[in-house]
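Enquirer: Next come a sequence and a model predicted from it.
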Amino acid sequence: MFGAGDPNLFPGPVDNAGLFPGPIDNSGLFGGECCGQRGRARARPGRLPALLSLSSRALARARGRSALRVRHRPGSAALGAPLLLGVLAARVKRKRCCLMLCSLPFVSLLDPETQSLKEHLIDELDYVLVPTEAWNKLVAWYGCIDGQKPIVRKVVEYGLFVKHYKVEVYLLELKLCESSDPDNVISCHFSKADTVATIEKEMRKLFNIPAEKETRLWNRYMSNTYEQLSKLDSTVQDAGLCQGQVVLIEVKNEDGTWPGQHCLAKGSGFVCHPYNCRDSASLSQPGLCGLSNLGNTCFMNSALQCLSNTPPLTDYFLEDKYEAEINQNNPLGMRGEIAEAYADLIKQMWSGRQSHVAPRMFKTQVGRFAPQFSGYQQQDSQELLAFLLDGLHEDLNRVKKKPYLELKDANGRPDSEVAKEAWENHRLRNDSIIVDIFHGLFKSTLVCPKCSKVSVTFDPFCYLTLPLPLRRDRLMEVTLVYADPQRRPVQYRVVVPMMGAISDLCESLSKLSGVPAENMVVTDVYNHRFHKIFQMDESLNHILPKDDIFVYEVCKPSEDGSEYVTLSIYFREKTMRQSSNTSGTVLFGQPLLISVPKHKLTVDHLYSVVLEQISRCVKLPLAEEYSTPCPDRGTCNGSNGVVEGDIEEMEHQDGGEEGKEKVTEVDPCHSEGCMQVESARDLQPCKKQHFTFSLVNSSGTSEINSIVEGKILKLNAFSAVAIDWDSETRRLLYDEQEAQAFEKHGSMLQPQKKKAVVALRDCIELFTTMETLGEHDPWYCPNCKKHQQATKKFDLWSLPRILVVHLKRFSYNRYWRDKLDTVVEFPIRGLNMSEFVCDPRAGSYVYDLIAVSNHYGAMGVGHYTAYAKNKVNDKWYYFDDSSVSVASEDQIVTKAAYVLFYQRRNSEEHSAPSAPQEECDGMDTN
C-alpha cells in the first residue's frame, strides 16, 4: 500500500503515479523526477545518514540547473512525486543535518564479492546522502527488502583551525596482523574518527589477546619500515593511517621484553621511520626519488616533484637553514609543522637511499591545516602548490610581529617611488625564503570611465596565472529529424558561437540542411525520452559536450491562422514482472515531435498522424497471415503495405483501460509502394489490434488525462503521447534497424581542423591586455563616490628568481566546466621576459625551464605527472608517482603542461631580493 506518507511533509496531495512499486532496495531504486535543492546543509559530527542510490547521469546533468531532475533507466523503479526529495531537503536543512548519497538505478552500490562500497563512486554523481530522519520515513512508508542493511556513515570533523564537516562515505580498510604471525592478515574497516584505542580493542578481540596482556601497535609502511602508534587517544586520521595500511599488534613477552627488541638486535630491519625506505645498500641518484600514490594523490606528487627540483628552495632545507627561521607563534602559520614535514620529506627524497617514498605524514599534516586536501579525491596541483608556498612562507616568516601599514594610492607620484614603497611595506610584514625566491610585483592600473581618475597600485604575487586564448566558437554534432517520415535522420556537424544561443544553432543548421530555422525544435534526448526541449533564446551553455541533441523539423502554422500544438511521442513496450505478476512498460526507440492543429486534436486525427510518422519503421505483415482482407477503399501510395482509406471503422476496446485506444491492424496492399498515409479519410484499418495509444506525463512513466472519442484531447505542458506495444507485436512489426538508421552529412566526414598552437608570449600579452571590469565586479571610484566599470590593466614590474607560470586551462561558468587542451609552446631555455617588465631600470630577465607539472585528462578526472631537471647532473627526468625515468627535452612541451617552473639565469648569486643600485627604487630586480 503506497501513499503520500506524512501529511505534514508534503504541502499538497501527491499522486501515486510513479511512486516506488515495491520495497526500497539500497542498490539503487531512486529514479523518476524530483525537484530538490542543490545546496547542502551543514552537518554535525556523529549524525548517521543512510545511503541510497540515484541516477548518476541525471545528477551530473543537474549540476548548475535550477531543478534537480532525476531520471530512471528502463526497468528501474521510479520515484515520481516530484516534491519528495525537495521537501526532505528543505526539512533536513532546517535541522542542520547533512544530505546523503544515492547511486545508479538497478546497479548496486556494493561490490558483490566483498559487499563493500564499490570504488570511485562520486558525490552527487553516483549517490546522494540522506539523513537518518529521511531514511526512517522512507522505510516506514515503503518497507525494506529482507536482509538489506542500510549503509550508515558518520559525519567527520576535518581541519585544525577551520573546522569542516564531511560525510565519510568510504571507510578506511586496514590490514591487521600479529607481529608473531605477519602472514595472517585480517582486513577491517574503520572510520577516520575512530581512535587508535578502537583499533587495539578490535585487534585484541580478533586475535584473542587477554585483557591483562600488555600490547603496543605498529604502523607498517613496508617490509622493514615501522612506526609505533603510541597515542591511543589519537584518531585514525591524525595517526596518518590510510587505505590498505598494515597495523601490527605486539604482545609483551613473559620476561618483560618486547619481540621487536630482539628483531632490532638481530638487524632484521625493524625500523621506526615515517617514510618507506629501501635497504641502504640500494643507493640511487639524489633527487631521483618517486612518490607513492596514496590514493588520488598524483596532484600532490606532481607539485612536490616540481618544488623538490627547485634548487634554491631544496638547498635551503637540505642545509637545515629552515631550523633557525621556523616561526611557531605566527597566528597565520601552522606552528612550523608544515615546514618540518616538508623538510623531512625533501631530505628523504634527496638522501640517495631510496627509489621512492610514501609521503603519508606530509599529506596528513597538509590535511590538518587544509581540510580540502584531507581526503583521497582528485585535487588540483596548482591549488596544492599555492597552499604549500603560502604555508611554508608563514611557517618560515622571519617577521615575528607584523606592523600595521596603511595602503596608499599613487596619487600622481612616480611609479618607481610607489613601487619601492609597496615592496618595502610587503617585506615589513612578509620576509621568508619563499618571498626571497618566488615573489614578484604587479603594477595594476585602473581608469574611471566617467571622470578619468587613474589609480595605480603595486601588488606582490607568488605565481603568474596566465589566461589561454579562448575559442570563439565550438563544434556541435546534432541529428536533424525531417518532417518527411520517409526520410532518414541526418547527422550534421555545425559551428556555433561559444557563447551563442539555441537560435544560433538553428541558423547554422539551416544553412547546411535547407530547413528554415523557424521550423526547428531543438531537444536533448536521453533514455528514449525528451530530457529537455529548448527555447530559441536559451544559451548553448546548457548543452554539454556529450549530450545527444536532436533537432526536429515541425510544420509551419497554416495561412488560415490555425494554432498548432507540438506533441512528444514516446514508444513503450509492455512488460510483465515475474516476481510480482504485475504489468508495466519500458521505453524504447527514438521519440518523435509532431505538430497538430489544435482544433484537430481528436483521437481519430491523432491516430492518422501518428501512423504516418512511424510508417518508415513499422512493417505490417501479409494480410492472409494475420487477418482477413479489407475492402479496397483507397489507393496504394506507399511502400510498406499501408492502405489509404477510411478510418471510420477503427474499433475501441470494450472494457479497456480508461485513457487508451486500440489501433486496428491495417490490411496491406499486394502491390509495390503502399506506405504513405495521406490523411485520416484515406486510411482503411483492419480488425487486428497491434498497439495502444495513451496520454502520459512528460517522462512517459504514467497515464494522465483520459481520452474521450470525438472530443478534443485535454493536454497540458507536461503531456506526451505513448504508443504501447506488446513484445511479440513489436518483434514482428517494428523494424529496429530502420528506426535507428541515420545518414551522415558531408560536414561529418570533413576532417576537423587541427587545434591552434599558442605561444607562451601570446598568453603573457593577453594577461597584460587592458580590459573593462564586469557589471558585477565594479571598482569604487573615490572621485565619483560610486562604483564604476573601470578599465583595468596588469603589468609586470619585478619578477622573482623562480618564476612559476600557471596556465589557466580550466574554465568555469554556471552550466559547465571545461578544460582547454590547447598546446602552449614555451621555451626550454632562454625565456626572455625583459620586454614585459615595465620598470625602466630593471635588469635582464632571462629564464630557463626547470620543471613542469602536467595534467592529462578532463576536468575533475585524469592524472598528474611532472618533468623536472635534476640539479646534480642537469638531466631531465619524468616523474609519474613512484616511477622515475629519463626524459628528453623534445618530450616536455605538450598539451598537458599545466604549471611551469623557470629559474632566472645567474639567480644563484642572489640569496635574497636587493636593490642593485643605491639610487634605485629599492625593488628586487634579482
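Expert: Sure thing, it's come through. The shown structure was predicted, so the numbers you read here are calculated from the model rather than taken from an experiment. Residues are numbered from 1 along each chain as shown.
Enquirer: For Leu820, give me its contacts.
Expert: Leu468, Leu470, Arg471, Arg809, Phe810, Ser811 (C-beta atoms under 8 Å, 6 or more residues apart in numbering). Using the backbone N, CA and C atoms, a C-beta is placed for each residue, glycine as well.
Enquirer: next one: Ser191
Expert: Lys154, Val156, Glu168, Leu171, Leu172, Val236.
Enquirer: roughly how far is the longest strand along the chain from the heart of the chain?
Expert: Across the chain, the longest stretch assigned as strand under DSSP state E is strand 582-597. When C-alpha coordinates are averaged (C-alpha atoms, centre = their mean, to the nearest Å), strand 582-597 and its chain have centres 32 Å apart.
Enquirer: That one pairs with which strands?
Expert: Sheet pairing of strand 582-597 (DSSP bridges) gives strand 564-577 (antiparallel).
Enquirer: For the partner strand, buried residues please.
Expert: Buried residues in strand 564-577, counted by 16 or more other C-beta atoms under 10 Å: Tyr564, Leu567, Ser568, Ile569, Tyr570, Phe571, Arg572, Glu573, Lys574.
Enquirer: rewinding a little: flag every buried residue along the longest strand of the chain.
Expert: Result for strand 582-597 [16+ other C-beta under 10 Å]: buried residues 584-596.
Enquirer: Determine which two of those are furthest apart.
Expert: Gly584 and Ser595 (30.3 Å; C-beta to C-beta).
Enquirer: picking up where we left off before, from the buried residues of strand 564-577, which is closest to Ile549?
Expert: Nearest to Ile549 among these, counting by C-beta to C-beta, is Ser568 at 15.7 Å.
Enquirer: Look up the pLDDT of the closest one for me, please.
Expert: At Ser568, the model reports a pLDDT of 84.
Enquirer: just checking, it touches Lys532?
Expert: No - Ser568 is not in contact with Lys532 according to C-beta atoms under 8 Å; the separation is 11.5 Å.
Enquirer: Can you report how many residues lie near Gln535?
Expert: Gln535 has 12 neighbouring residues, counting by other C-beta atoms under 10 Å.
Enquirer: What does it show for phi and psi?
Expert: phi -90, psi 160 (degrees, to the nearest 10).
Enquirer: Just give the nearest non-adjacent residue to it, would you?
Expert: Nearest residue to Gln535 in three dimensions, chain neighbours excluded: Ile502, at 6.7 Å (C-beta to C-beta, 6 or more residues apart in numbering).
Enquirer: tell me the contacts of the one you found?
Expert: So Ile502 contacts Val522, Phe534, Gln535, Met536, Asp537, Glu538, Ser539, Leu540 (C-beta under 8 Å, 6+ apart).
Enquirer: What helix or strand is the fifth one located in?
Expert: This points to Asp537. In the assignment (DSSP states H and E), Asp537 maps to no helix and no strand.
Enquirer: which residues sit in contact with it?
Expert: Ala501, Ile502, Ser503.
Enquirer: what's the distance between the second one and Leu593?
Expert: In other words, Ile502. 15 Å (C-beta to C-beta, to the nearest Å).
Enquirer: what's the domain layout of the protein?
Expert: 1-157, 172-272, 440-464+760-909, 473-553, 564-743 (automatic domain parsing).
Enquirer: Least confident of these, on average?
Expert: Among the domains of the chain, domain 1-157 carries the lowest mean pLDDT, a mean of 49.
Enquirer: what are the C-alpha coordinates of stretch 173-193, in PDB please?
Expert: Output of stretch 173-193 as PDB, limited to C-alpha atoms (Å, rounded to 0.1, in the frame of the first residue of the first chain):
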ATOM      1  CA  GLU A 173      40.400  -0.500   5.200                       C
ATOM      2  CA  LEU A 174      43.200  -1.500   7.500                       C
ATOM      3  CA  LYS A 175      45.100  -4.800   7.400                       C
ATOM      4  CA  LEU A 176      45.500  -6.200  10.900                       C
ATOM      5  CA  CYS A 177      48.000  -8.900  12.000                       C
ATOM      6  CA  GLU A 178      50.100 -10.000  14.900                       C
ATOM      7  CA  SER A 179      53.800  -9.300  15.000                       C
ATOM      8  CA  SER A 180      54.400 -13.000  15.600                       C
ATOM      9  CA  ASP A 181      52.400 -14.100  12.600                       C
ATOM     10  CA  PRO A 182      52.500 -11.300  10.000                       C
ATOM     11  CA  ASP A 183      51.200 -13.500   7.200                       C
ATOM     12  CA  ASN A 184      47.800 -14.000   8.900                       C
ATOM     13  CA  VAL A 185      46.200 -10.700   7.800                       C
ATOM     14  CA  ILE A 186      42.600  -9.700   8.600                       C
ATOM     15  CA  SER A 187      41.000  -6.700   6.800                       C
ATOM     16  CA  CYS A 188      38.800  -4.400   8.800                       C
ATOM     17  CA  HIS A 189      37.100  -1.100   8.200                       C
ATOM     18  CA  PHE A 190      37.400   1.900  10.500                       C
ATOM     19  CA  SER A 191      36.200   5.500  10.500                       C
ATOM     20  CA  LYS A 192      38.700   8.300  10.400                       C
ATOM     21  CA  ALA A 193      37.100   9.500  13.600                       C
END
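Enquirer: list the buried ones in that stretch?
Expert: Leu174, Leu176, Cys177, Glu178, Ser179, Phe190, Ser191, Lys192, Ala193.
Enquirer: From those, pick the one nearest Ser698.
Expert: Ser191 (42.6 Å).
Enquirer: these two touch, right, Leu606 and Leu715?
Expert: No - the pair formed by Leu606 and Leu715 falls short of the contact definition of C-beta under 8 Å, at 10.6 Å.
Enquirer: sec struct for Val609, please.
Expert: helix (DSSP: H, G, I helix; E, B strand; the rest coil).
Enquirer: what's the distance between it and Arg413?
Expert: Here Val609 is placed at a distance of 78 Å from Arg413 (C-beta to C-beta).
Enquirer: cool, and Ser503?
Expert: The value you get for Ser503 to Arg413, if C-beta to C-beta is used, is 52 Å.
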